[in-house]
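Q: here's a sequence, model it:
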Amino acid sequence: MRLKEIQRTAHQAWSPAEHHPIHLALGTSAQQLDASFNTTAALEIFEVDFSDPSLEMQLRGSLPTSNRLHSIVWVNFGMGADGTGGRLVGGSENGTLTVYNPEVIMSSGVDAVVGQSDKHTGPIRALDFNPFQSNLLASGANDSEIYIWDLNNFSSPMTPGAKSQPAEDISVVSWNRQVQHILASANPSGKAVVWDLRKNEPIIKISDHSNRMHCSGMLWHPDVATQLVLASEDDRLPVIQMWDLRFATSPLKVFENHTRGILSISWSQADSELLLSSAKDNRILCWNPNTGEVIYELPTTNQWCFDVQWCPRNPALLSAASFDGRITVYSVMGGSLKAQQQSTANKISSSFDSMDPFGTGQVLPPLQVPQPTVQDTIVPPLKKPPKWVRRPVGASFAFGGKLITFENPQLPPVQSPQPVPRQVFVSQVTTETEFLQRSRELQAALQSGSFNNYCQAKIHNAKSDAEKDIWKFLLVNFEDEARVKFLRLLGFNTNGLISQALLVGNFEGAVDLCLNDGRYAEAILLSISGGEELLKKTQQKYLSNQKNSISMVMVTQNWRDIVQSCELDNWKEALAALLTYAHPEDFARLCDTLGGRLEHERTEKRCLQACLCYICSGNIEKLVECWALHRDCSSPLGLEDLVEKVMMLRKSIERLRNSEVAVQSPILAEKLTCYAGILAAEGSLATAMDCDKYLLCVCTILDRLFHAQEEAAVGQQPSNSFNRVNVSTAKPTPAAQAPAPKAQIVPQPMSIGGRSVFSPPGPSVSAANLSGPALPPPSSTPGVPPTSFMPSTSFPSGPMPPSSQPGAPVPMYPGGLHNQGPANPMASGPYVPLGSGYPQGGPGAPAVKPFSAPVPDNYTPPAPITAPVMGFPVEAPQSHNHAQVPPGAPQEPSVQLLQQLPAERVEQKEIPAEHMVLKSTFDSLVQRCQLAAGDPQTKRKLDDAVKRLAYLYDKLREQSLSHNILNGLHEISRCVASQNYQRGLEVHTQVVSSSNFSEISAFMPILKVLMTIANKLGV
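A: Predicted coordinates:
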């Protein structure tokens, strides 16, 4: 794109790269005349100001000269600290070499000449300065004369050696760009000589065997010390030859695109892949010397350009001097010509005024001429981005906590430049280390089912008593005798004498001790176990001493009034009474009411007390709202606190319900959205992806999470994700395509441990299966734990798949969910289902025991619990029309009930952490196959795979497998993770052939079947 232009017939020299602002020096060209036949000569300096959109350049200084010039250079010798100065050196037609001070020319012009020599005997056509020592200047003239000048001592030049014979004109000299003592010269006959100034002799001569090479230009490669190019002015051989001194018998490359002789060449020092050439075919071409491709052609006029030069300071600029008397500045980066066209139009308009040209003084009326619309012409840039616009280094953060970095390696100069493969580094950035550690601990607990140990660890590490109380209440949900332990946590405990009385069966003595100590709640509880007479006696004593509302409620059973009117300082007593007496179907609602009153106080203390009530009722939504209202959930650790409690409470509810729990809470969805975002930003993409059951409305983050995972399983794409559109781009033809270096993606080590906290998303949108292993289903024999395992998958309703997940709790209700008959209505209205709360009133509510006959409306509960309720299974319902009563009636458990007690749970060892990846990988593979399988036979094989994999997990817990087998299993796991099933089958064969078959027969065959199915299904 043309930027500046001036009418001059001159040779040109750009100011050095250090010089600011950019200037262009022009010396009147020898052996050229303009149309006026003017024979004067001058040295002019113009400022190139690109803030002015016009084509003009501002003249900063001019100095008349006695001789015209064949060559001119501007060196940075004598450059000032402010980026001004330097030296201009001109070679004239009579052999005079003159040194000028450009700053003096631009100021006054007096005493601008600082050095002059007539050492040469003919026209000086070649000048070049040393890039390493700016005081050294080489010049070439007739008779093979080459001189090396020291600008510090201009009077005594040296020669590089003896004159080459036969004597010829020197058309060009050029210093090597890598080795400071190497100089090359060339003559019009096409011969080039390389000189070693240390030896003062030529070291190699280059000539073209065709004898048609008329050398008009020679340049060293900017990066490769042994390579140079020669340009031919002969119309019979209009080529540029690239030579390598190591193979000097013939050119390394020949660039043929000009149709007539080449007049000038210039090699960009900022990008060695840009070589300019101008020729007699009126074309200025830009080559890529590495490929020989023409990557740009400047839009020039129909005139020869005898001199082209790159600008040292702005590498996108070049200047061209043509025989029609124009010096033009171009840009290879393209652009718009609209500003120039508008500037030209304004200039023409300003040349005429509105006055009468005949001198009458009359103002002429405006000429009504339609104004043409200025067309915006866009000039395209180079085909490839030049090196100076490429980022040498770069870094960018990407979704998922990825940091993408790259750099252009600074390799030492090589002898043959080849495309260098560039590496792009992808690393994982983690800033919330404590957050990730706690997330991994939660993940491990949810996978292994070791909820008790997790809660105990939280109690041990709690930083406050309130935090410790919450985790104690959550822990009780996973233990037997939950109501009794709730009461103990509320402070209703017995001392040693009471315990001794209970041990010998002296209930009346224990009651007296409690009454004397003021422990009326314990006295009433113990009196229930002592019989109806002892209960009445205790009630009378209590009512005579305590005339308060709780006492009356124990008689009237109006629990709604007690929770709505009791003193909040007595909330523990109210909650203890609900735990003891409230109807199971009313328990959760009453706990929520009490919690709501506490929460309404808007203090942190009451908030924590309300949270305990919500934990007892199993109300996840209320717990989230209360916690988020009074605690900071904006930080990662604050969110982790909330998620930990929600997950544990939800697991305890699922443990009792034996089914999924759907939580419909906008606040929880919002918090989990933030939680998933933080997990994704820290690199835990799979964990964040499994939050989708709460994030159905946030399509964007789900879609990004899905596509950001390196190995997305088949069928896992969320239903609301966006469609990916593949955009194809037109590829260049093979002839024009240049071999470009390929970028290598180098993944950095990442630390994303274990399986996801949340289970993979399935076909259901239910939030019930947010995390952890699948819950155990009803067992055919009460109390017998199930033995098979199915990977966790979301199901909309109904019993969960079988599970023998290590550490998974035995179902609280072996009979599954119970059919509920019509509930005894409360005074406030009909019963509303509890949704995600505990079944049958929760672990803290009185357990339910079905009766064969309806309960009368005036029923009052007998004595509550006398034995650990959590140890008794609920009998299967006999009919669909029955009512419920609190258990704990004054009766001893029958022999039949004792026979139905659940078998003692055997605490299985956990799989060692280093082998958990085997379980997560194989379980995930089974799940993906189950989702993709369509025929019944394959599904049966997958069901069998689930059972047989359990043998493998047992051996991993026992640590009974040999080192060789474990290594093979881990290699198979890696092959499965990368979906390289063929390699996995090969490793499988190696393990089987080198191991004791009796040791692996229980699980290795099914692994082969599983990989074969996965390979067939393409999952």
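Q: quick one: low-confidence ranges for the stretch 651-800 of the chain?
A: Along the stretch 651-800 of the chain, segments meeting pLDDT under 70 span 690-705, 707-800.
Q: next SSE after the strand or helix carrying residue 218?
A: For residue 218, the host element (DSSP states H and E) is strand 215-220. Using DSSP H and E, the helix or strand that follows strand 215-220 in sequence is strand 227-232.
Q: sorry, back to before: export the strand holding residue 218 as PDB, just CAs?
A: Below are the C-alpha coordinates for strand 215-220, written out as PDB (Å, rounded to 0.1, in the frame of the first residue of the first chain):
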ATOM      1  CA  CYS A 215      25.100  -9.300 -10.900                       C
ATOM      2  CA  SER A 216      23.100  -6.300  -9.800                       C
ATOM      3  CA  GLY A 217      22.700  -7.100  -6.100                       C
ATOM      4  CA  MET A 218      24.100  -9.300  -3.400                       C
ATOM      5  CA  LEU A 219      23.000  -9.800   0.200                       C
ATOM      6  CA  TRP A 220      23.900 -12.100   3.100                       C
END
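Q: the helices in the stretch 501-650 of the chain, which residues?
A: 507-516, 520-529, 532-545, 549-556, 559-565, 571-581, 584-600, 604-617, 620-630, 636-657 (DSSP state H, counting those that start in this stretch).
Q: of all those, which lies closest to residue 1001?
A: helix 636-657 (35.2 Å; Cβ to Cβ). Placement of C-beta: from N, CA and C, glycine included.
Q: so which bits of the next helix or strand after the closest one are buried?
A: Following helix 636-657 in sequence order, the next helix or strand is helix 666-681 (DSSP H and E). Residues 668-673, 675-681 are the ones in helix 666-681 that count as buried (16 or more other Cβ atoms under 10 Å).
Q: and what of stretch 435-442?
A: Quick answer for stretch 435-442 (16+ other Cβ under 10 Å): 435-436, 438-442.
Q: now, those residues that are in strands?
A: Residues from those lying in strands, with DSSP state E as the criterion: none.
Q: assumed residue 480 was part of a strand.
A: No: per DSSP: H, G, I helix; E, B strand; the rest coil, residue 480 lies outside any strand segment and is coil.
Q: near it, how many other residues are there?
A: Applying other Cβ atoms under 10 Å, we find 15 residues neighbouring residue 480.
Q: elements contacting the host helix or strand of residue 990?
A: In this structure, residue 990 sits in helix 981-993 according to DSSP H and E. Contact partners of helix 981-993 among helices and strands, from 3 or more Cβ pairs under 8 Å, 6 or more residues apart in numbering; DSSP states H and E: helix 963-977, helix 1004-1017.
Q: how about a markdown table for those helices, with mean neighbour count, distance to residue 95 and mean pLDDT added?
A: A markdown table is the format used below for the helices and strands packed on helix 981-993 (neighbours: other Cβ atoms under 10 Å; distance: least, Cβ to Cβ, whole Å; pLDDT from 0 to 100):
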| stretch | mean neighbour count | distance to residue 95 | mean pLDDT |
| --- | --- | --- | --- |
| helix 963-977 | 18 | 78 | 90 |
| helix 1004-1017 | 19 | 84 | 89 |
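Q: make a markdown table out of those and add distance to residue 595.
A: As requested, the helices and strands packed on helix 981-993 are exported to a markdown table (distance: least, Cβ to Cβ, whole Å):
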| stretch | distance to residue 595 |
| --- | --- |
| helix 963-977 | 45 |
| helix 1004-1017 | 48 |
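Q: which stretch of helix or strand covers the closest residue to residue 92 other than its chain neighbours?
A: Excluding the flanking residues, the one nearest residue 92 by Cβ to Cβ, 6 or more residues apart in numbering is residue 67, at 3.7 Å. Using DSSP H and E, no element contains residue 67; it sits outside every helix and strand.
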